[in-house]
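**Q** here's a sequence, model it:
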Amino acid sequence: YGAFAGRRLRLGFEVAPPGVAELQFINTTVDFRQYIPVTKDSQLAFRVWGAASFGDNPTAFFFGGLNQLRGYEYLQFSGSRAAMFNLEYRFPLIWEARGGDFALRHIRGVLFADVGTAWFTDEDYTFWKDGRLEDAVASIGGGIGVNLVGLPLWFFWAQRTDFNEFFGGLDFSFFIGPQF
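**A** Modelled structure (predicted):
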């Protein structure tokens, strides 16, 4: 069910210089992840991801949905500048659920908070204003994960918020794949 302890840092740098390519840009990305054991079976996990593109033809970065910004549509957000933060508390929920000869083991729970933002350089941008998110979005929620025949299945319930109030209904999503 993903990493349990430690950290990871990934830095990215791409260049399409003048005279070499038709498009001219410089892309930078950073992806930092930290995993902190709380008990022998639970942990805090957080991820900070950011990207920026510079030049005559900046790249648009897309994100949203799945295990990136839960409660929003897949790839809903885009911009030549983008950032995302995820915080999760991961814990055992049910050790074993048995029905006859069939058993599901190690059903996991997760509580999360996600924050993300994206914008293009020609747009006015304000992250926080008057005690709430302005040009950024967030969600909080929980989920259940089970590994079924080698496939990590995740069921998430997310509530959108600007950290001043909640809006919209509870969003359900299903995701197949590992956690960050």
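**Q** which residue lies nearest the spatial centre of the chain?
**A** With distances taken as C-alpha atoms, centre = their mean, the residue of the chain nearest its centroid is Gln68 (2.2 Å).
**Q** and that residue, what does it touch?
**A** Counting by C-beta atoms under 8 Å, 6 or more residues apart in numbering, Gln68 makes contact with Met84, Asn86, Asp114, Gly116. To be clear about C-beta, it is placed using only N, CA and C from the backbone, and glycine gets the same treatment.
**Q** quick one: classify the last one as helix, strand or coil.
**A** What that stands for is Gly116. strand (DSSP: H, G, I helix; E, B strand; the rest coil).
**Q** that older thread, and the residue nearest to the centre of the chain, what are its phi and psi?
**A** phi -100, psi -60 (degrees, to the nearest 10).
**Q** for stretch 86-102, list every residue counted as buried.
**A** For stretch 86-102, a neighbour-count test (16 or more other C-beta atoms under 10 Å) marks Asn86, Leu87, Glu88, Arg90 as buried.
**Q** the first one reaches Phe112, doesn't it?
**A** Yes. Asn86 lies in contact with Phe112 (C-beta atoms under 8 Å); the separation is 6.6 Å.
**Q** bridged to Leu9, which residues?
**A** Phe32 (DSSP bridges).
**Q** Glu123: which element?
**A** When elements are assigned from DSSP states H and E, Glu123 belongs to no helix and no strand.
**Q** return the residues in contact with it.
**A** By C-beta under 8 Å, 6+ apart, the neighbours of Glu123 are Gly79.
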